[in-house]
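Peer 1: I would like to see how this sequence folds:
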Amino acid sequence: MQLLRGVYERFAAILHELIKFGLIGGIAFVIDFGGTNLLRFGVELGPLTSKTIPTVVAATFAYFGNRYWTFRHREQSGLAREYVMFFLLNGVGLAISLTVIWFVTYVLALHDAVSYNVAQGLGLVLGTLFRFWSYKKWVFLEVPDTPASVIENAVVENQAGPLTTR
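Peer 2: Numbers count the residues shown, from 1 in each chain. Next up, the predicted model:
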């Protein structure tokens, strides 16, 4: 019965993280997509500037949302280290998306809007999976547990009673 409870608790924790991660990502997506369109077509900035500014804003929002909500229970290893790692891993996630789009456009030679959006969606899913995994592994670290040997020694000592010398 204890095993089942542990499995449930493990999956419940991951599910809660995934839901929070998804909500933060959804808001960041709206900031990025909406901001890009606003700057490009509303303010009429250039296409690269229009994409760069909202992407930085969205990634910054995502960092703070994930640090202080999604992964707040994880160890904090320093704002500067986490922030740099976060942006590096976001760059990898972006590269994954761009690779999928590149493959569909240049290798498969599919240039229509549907193919582009399917590639963009697939790249988004793959990049998001990478980011979720990598944030947990390198940015928002697990709180270290008490080493098993310390617990085992305490249990053995407690069962045997205090050690005495003769």
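Peer 1: residues touching the closest residue to Ser115 other than its chain neighbours, list them.
Peer 2: Excluding the flanking residues, the one nearest Ser115 by Cβ to Cβ, 6 or more residues apart in numbering is Val104, at 5.6 Å. Any C-beta I mention is one placed from the backbone N, CA and C, and that applies to glycine too. The neighbourhood of Val104, defined by Cβ atoms under 8 Å, 6 or more residues apart in numbering, consists of Leu110, Ser115, Tyr116, Val118, Ala119.
Peer 1: apply 7 Å and report the result again.
Peer 2: Val104 makes contact with Leu110, Ser115, Ala119, according to Cβ atoms under 7 Å, 6 or more residues apart in numbering.
Peer 1: tally up the residues packed near the second one, please.
Peer 2: So the one you mean is Ser115. 15 (other Cβ atoms under 10 Å).
Peer 1: average pLDDT across the helix or strand where it lies?
Peer 2: Counting by DSSP states H and E, the element that carries Ser115 is helix 113-134. Mean pLDDT, computed over helix 113-134, is 79.
Peer 1: which helices and strands sit right next to that helix?
Peer 2: Packing partners of helix 113-134 (3 or more Cβ pairs under 7 Å, 6 or more residues apart in numbering; DSSP states H and E): helix 79-102.
Peer 1: roughly how far is the helix it packs on from the heart of the chain?
Peer 2: 10 Å (Cα atoms, centre = their mean, to the nearest Å).
Peer 1: related to what we said a few turns ago, tell me which residues in the helix holding Ser115 are buried?
Peer 2: Ala119, Leu122, Gly123, Leu124, Gly127, Thr128, Phe130, Arg131, Phe132, Ser134 (16 or more other Cβ atoms under 10 Å).
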